[in-house]
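Colleague: Sequence and predicted structure below; questions after.
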Amino acid sequence: MDFEYSYDGKTFLVKIDGDSSGGYKAVIADKEYEFTASNISLNEFSILLNRKNMKAYVAESDDGVFVHIEGRVIKFKKPGAGNGGFGGAGGEFGVKDEISTPMPGKVVKIIVSEGDRVEAGQSLVIVESMKMENEIKSPTAGEVVSVNFKNGDLVEPGQTIIKLNPSDAD
Amino acid sequence: MDFEYSYDGKTFLVKIDGDSSGGYKAVIADKEYEFTASNISLNEFSILLNRKNMKAYVAESDDGVFVHIEGRVIKFKKPGAGNGGFGGAGGEFGVKDEISTPMPGKVVKIIVSEGDRVEAGQSLVIVESMKMENEIKSPTAGEVVSVNFKNGDLVEPGQTIIKLNPSDAD
Amino acid sequence: MFKKILIANRGEIAIRVMKACREMGIESVAVYSTIDRDALHVRTADEAICIGEASPNESYLNIDAIIKAVKETGAEAVHPGYGFLAENYLFAQRCEKEGIVFIGPDSKALKLVGDKVASREVTEKEGITLIPGMKDKSTDVNECLSEAEKIGFPVLLKASAGGGGKGMRVVNSKGELKDAVEAGMREAQTAFGDPSVYLEKYIEKPRHVEFQILADNHGNAVHLFERECSIQRRHQKIIEESPSTALDDDLRRKMGETALKVVEVSGYTNAGTVEFLLDENGNYYFLEVNARLQVEHPVTEMVCGIDLVHAQIRIASGEKLWFSQGDLSQRGHAIECRVYAEDPESNFLPSAGKILYMKEPTGPGIRHDCGVYSGCVVSVYYDPILSKLITWALTREICCRRMAAALSDFPVLGIKTDIEFLHDVIVHPEFLKGNTFTNFIPVNMPDWKPVVDDEMLNRSLLSAAIYSDNVGKRTVVSGKSEEFPSPWSTLGDWEIGK
Amino acid sequence: MFKKILIANRGEIAIRVMKACREMGIESVAVYSTIDRDALHVRTADEAICIGEASPNESYLNIDAIIKAVKETGAEAVHPGYGFLAENYLFAQRCEKEGIVFIGPDSKALKLVGDKVASREVTEKEGITLIPGMKDKSTDVNECLSEAEKIGFPVLLKASAGGGGKGMRVVNSKGELKDAVEAGMREAQTAFGDPSVYLEKYIEKPRHVEFQILADNHGNAVHLFERECSIQRRHQKIIEESPSTALDDDLRRKMGETALKVVEVSGYTNAGTVEFLLDENGNYYFLEVNARLQVEHPVTEMVCGIDLVHAQIRIASGEKLWFSQGDLSQRGHAIECRVYAEDPESNFLPSAGKILYMKEPTGPGIRHDCGVYSGCVVSVYYDPILSKLITWALTREICCRRMAAALSDFPVLGIKTDIEFLHDVIVHPEFLKGNTFTNFIPVNMPDWKPVVDDEMLNRSLLSAAIYSDNVGKRTVVSGKSEEFPSPWSTLGDWEIGK
């Protein structure tokens, strides 16, 4: 079977072939892997790769697959899934020209206006959620194309609060 | 929906009716219950019965349903399920005239012979499993009808080692 | 002793208190808001009662609703946990009026220590050293400006009511002050209903060191030594430990005595914490009294062997302290990491949503005070704390290694958490050396990102592919897999009649 | 210090040792038999290597296979855990020959203390009191008969090799002796490859009290106080605690000194345990040395604050003891309950099969050293121990209540366990009073059955019905349930190519 995942804007193709006894062969790019894997529970896998033990935990949401391995969580996006819920500056699915919040909240203060030039790291808007004021900063230098909310508005995750026109290529 | 369970040789009918918000009404024999229940995971339930909290864990095997509640595990038998795996003296699904072992093992010593009269509690056979010798005692007084294994034989769970003819009604 | 206690809180702290009740043979009552029906604290109590809608003002902060629940369930006492009504003297006062025992100090002491400015005045009078600052709280930007110039920049801006770093800001220059004061007042208004702020001298490279106190209603008080809580982000603690690497026996004794004096002059009883800032020269400044069980109380429990919640309940029931200062000692080292639903890569923005999968770390010397579970939904309505991971070991070095291992063995999938970040703090050479101070994170870990090298990425891809492959196989042989007997396909002989 | 250690064991003890390795910065290697591929210890190690078929003789007892695995993985030391090869001096000898560090005493000491009869001789010579008994082991029924008459009935029959109560029997009269000796020899042959047995005076109402020892390779030794392990079924411990309710400071000191003397005359190093029987008058009799980490070592760790596995590894690597007797003290109380796959209603017959569902208890003061998980299969090939539940509290009373609560919160479904039985022991008035002795169970809990009243039965029926009702609903809306997003139905856009 072939599976496709994307991470950090790149797409990866994994060819994987398992036999009935838990033996697997896989290819990622030009690298070959041979290992045994065993399904401990729906979400937990035991992988032995040249005797080295890898404990992997995997879970799936509508738009991606979360993998926990060696203390790190990596989220892979499913091809074709939208940005819903994972927008926002700095988010791994963030698009750098649309500023949104990962949390439902209240817009406390819009700091910039349409047409403003902003620097990377400059504060754009303050949103209050979970009783905290959160400053959302610009992920990039550029120009403010539009401001879609005003002070006091409620905002849902993934809604674009401010649209930027980045001044330099990614 | 109506469900039937058996426990300790008795059969119980539960009529249960749930609404979409987690409210339930149920009848067992002539007793009525009204409560809310919520499905925490596949196997875990939170039940509030007159504000009292009941944590229940439920899992299902081929022949029964296990319920953990207030520190006790109760196994209900499914109507129509066989005795496989749950025979043996003292087991809740044990039939008192067929002596079997709940574990695979080796018959170390058959103590009684066909035709012997035995008392309740008398040792019938010694089976070794998990590195321990286990004396299997008679659950009832009666007569040995047949001995189906000999010393040194391997025995599987549920296989009848000795058949008894109980001398008194249950 | 009480027969039944209502816990006016939710999450890990409510659960922790309920477990203590159970061990003491006391029945516990959970209160819950409508969206918390499936919350873990509801399932941990002996009894549970719904007190209102999701919004805290309508449930966990609703004094009338909680008092009504106490009466309805026949509870004799209320444990407020931390946050919500824990430091609200009006709630304590109401309990007193209704003949309900409030497990904490009385409303008078609560009112005094809750007002930072009043509290400063009382303690300063007794010769306890404070950080130079404004004499009074203010809601006037211009007044703040002139006071700040008197104190000298940098200054620290705080909300007069409340705690937990909400509304706290370092202001480096005159130019930044106006915006900072305005934002601080807005937050203070939202969080505590009181916009007042005050300013004080900002001390560089300070450590946050606090002393745990127990005081009974009969005039006896002891301290249970210190906790160092210097590792903070957004001016809020995320890692705490005991003992502090900065204290020697002499300083520990002196600070402990000062803490007991603060408690004495405040008329304070039950469990509380006296907070200090400690500078690099061993000078310490009284900050405030936290009039409740602290989030970080477990590190004290692990090191001193005293169960603080048991102690709170026994003291509230009228018992005299059953040990004296000389009976107490510190053994080994304990560290607590606060697990939050937040994104350390995005300025620690709170995160919310469904926990698709999680597994708690376990092992010798590991304690996990947890308020969530696999499948639960982390709501936007409440504090984003999920749990607290505490490790104990005989030495700080092993305690750190144990914590690092536990954090690595703690998958939480579906929402953002600070677990990876906490791990990287714990293994940071400066942390291991004990060079901890309140701006440790901006100084040592600016722009933190988790390191994911190509090999780890590939191993993750393999894991994802095995999962997807399995899901695929299961789709094909739906319900036939031996490994996963599907409950979706086992009805059959169960349903009788209809 | 070692860089890599191979753990020649499985289950909870292998996992406990691996966690210690990780905290010490040492890599761990798991060995596993073919049916243990999915066992928890395989997933806890850094590396794992298959050493043979399911039968212990072909894997966990196979010295050649284990030595080969050590060489292949480049481990420098082997930790044997308990059971299997832990007390096999031939294995230790082989390690010595191959230049591998055996984490335990050397083969000479192991050989001596492993032979109960030789061990008795050496200690008796030093004036240490033993239980009156046979001077030599035997395989001759008639010899046993005449010795038994000399000693006087009741006598206790034991296997000469091995421990853990295997082959142990109380024989009350001459008439019972022949069958008992024959059965004991058979079991001894099977379990240890040596049918020899011996007999000794059976002491009524004795307590089993043992002392934990640590001895380095430089002549230094300390004891870490006592554990009482009187609660036994089938002559095998199931509940252990520290401190013992039967010891005062004076007796504790005397027994500790005796224990250290036993260690000294045996030339014993590393961690070990000196076992005594204590009668109602405070007389104590040396039983044997257990030349390994004991199952019940956690209660000592909780009370003394010393990690015994860390200590074993440091001692084996050549370190001198880093503390002296005077540095050690007992704080609070700890109890361990051994969780076995067995049926307390059927003479504690071992049980096996798949754990359909389980959930570990958690909370302050609770430690769970666990070797199994939801979905794992408990095999008939190995010891039926599943896990050990340990609680600590400042007082025995709270420790018991904490244990009772934890045992009630510990669902294990699908196989029989002793959890409910353990709970009923812990809450038994005689246990709470500390009236513990080795025949506590036959005396206080004969024919134990779990109490299930009608109301509890009805609540269980309700729970079963809710479950069945849910299963039914899920069948209808397969894969559509919000609560349980079915992985069976989510392939779709995943599969590309073919």
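Modeller: Yes, it's here.
Colleague: quick one: low-confidence parts of the chain?
Modeller: Picked chain A for this. Scanning chain A with the threshold set as pLDDT under 70 gives A:79-96, A:102, A:131, A:168-170.
Colleague: My question was about chain C, not that one.
Modeller: For chain C, the ranges with pLDDT under 70 are C:162-167, C:474-498.
Colleague: Where do the domain boundaries of it fall?
Modeller: C:4-103, C:132-201, C:207-444, C:454-490 (automatic domain parsing).
Colleague: Now those in JSON lines, please, with extra columns for distance to residue C:121 and mean neighbour count.
Modeller: For glycine as for every other residue, the C-beta is placed from the backbone atoms N, C-alpha and C. Formatted as JSON lines, those follow (distance: least, Cβ to Cβ, whole Å; neighbours: other Cβ atoms under 10 Å in any protein chain shown):
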{"stretch": "domain C:4-103", "distance to residue C:121": "17", "mean neighbour count": "22"}
{"stretch": "domain C:132-201", "distance to residue C:121": "8", "mean neighbour count": "19"}
{"stretch": "domain C:207-444", "distance to residue C:121": "11", "mean neighbour count": "21"}
{"stretch": "domain C:454-490", "distance to residue C:121": "56", "mean neighbour count": "19"}
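Colleague: Export the strand ranked longest in chain A to PDB, keeping only CA atoms.
Modeller: Counting residues, the longest strand found in chain A (DSSP state E) is strand A:31-41. This file holds the C-alpha atoms of strand A:31-41, laid out as PDB (Å, rounded to 0.1, in the frame of the first residue of the first chain):
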ATOM      1  CA  LYS A  31      15.400   4.800   2.000                       C
ATOM      2  CA  GLU A  32      14.400   1.300   2.700                       C
ATOM      3  CA  TYR A  33      13.200   0.000   6.000                       C
ATOM      4  CA  GLU A  34      12.600  -3.600   7.200                       C
ATOM      5  CA  PHE A  35      11.000  -4.100  10.600                       C
ATOM      6  CA  THR A  36       8.400  -6.000  12.600                       C
ATOM      7  CA  ALA A  37       5.400  -4.100  13.900                       C
ATOM      8  CA  SER A  38       2.700  -5.200  16.300                       C
ATOM      9  CA  ASN A  39      -0.600  -3.600  17.100                       C
ATOM     10  CA  ILE A  40      -0.900  -3.300  20.800                       C
ATOM     11  CA  SER A  41      -4.100  -1.400  20.700                       C
END
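Colleague: How about that strand and chain C, touching?
Modeller: Yes: Strand A:31-41 reaches chain C (Cβ under 8 Å from any Cβ of the partner chain) through A:31, A:33, A:35, A:37, A:39.
Colleague: and that strand with chain B, contact?
Modeller: No: for strand A:31-41, no contact with chain B is found by Cβ under 8 Å from any Cβ; the gap never falls below 10.9 Å.
Colleague: chain center to the next helix or strand after that strand: distance?
Modeller: Sequence order places strand A:44-49 as the next helix or strand after strand A:31-41, per DSSP states H and E. In this view, strand A:44-49 has its centroid 25 Å away from the chain centroid, taken as Cα atoms, centre = their mean, to the nearest Å.
Colleague: and strand A:44-49 with strand A:31-41, angle?
Modeller: Put simply, strand A:44-49 runs at 150 degrees to strand A:31-41, going by axes from the mean of the first three to the mean of the last three Cα atoms, to 10 degrees.
Colleague: Identify the residues contacting strand A:44-49?
Modeller: Contacts to strand A:44-49, defined as Cβ atoms under 8 Å, 6 or more residues apart in numbering or on different chains, come from residues A:33-40, A:53-58, C:359, C:459, C:462-463, C:466-467, D:37-38, D:42-43, D:48.
Colleague: ok, now which ones touch the residue of chain A positioned farthest from its centre?
Modeller: Ranking residues of chain A by C-alpha distance from their mean position (Cα atoms, centre = their mean) puts residue A:21 at the top, at 34.4 Å. For residue A:21, the contacting residues are residue A:36, by Cβ under 8 Å, 6+ apart.
Colleague: Strands of the stretch 301-450 of chain C, start to end?
Modeller: Per DSSP state E, counting those that start in this stretch, the stretch 301-450 of chain C carries strands over the ranges C:333-340, C:342-343, C:349-350, C:353-354, C:357-358, C:366-370, C:377-378, C:385-393, C:412-413.
Colleague: For residue C:293, see how far away residue C:300 is.
Modeller: Distance from residue C:300 to residue C:293, counting by Cβ to Cβ, to the nearest Å: 10 Å.
Colleague: Could you name every residue contacting both of the two?
Modeller: With Cβ under 8 Å, 6+ apart, residue C:300 and residue C:293 have common neighbours residue C:308.
Colleague: ok, and does stretch C:216-228 reach over to chain D?
Modeller: No: on the criterion Cβ under 8 Å from any Cβ, stretch C:216-228 is out of touch with chain D, staying 12.8 Å away.
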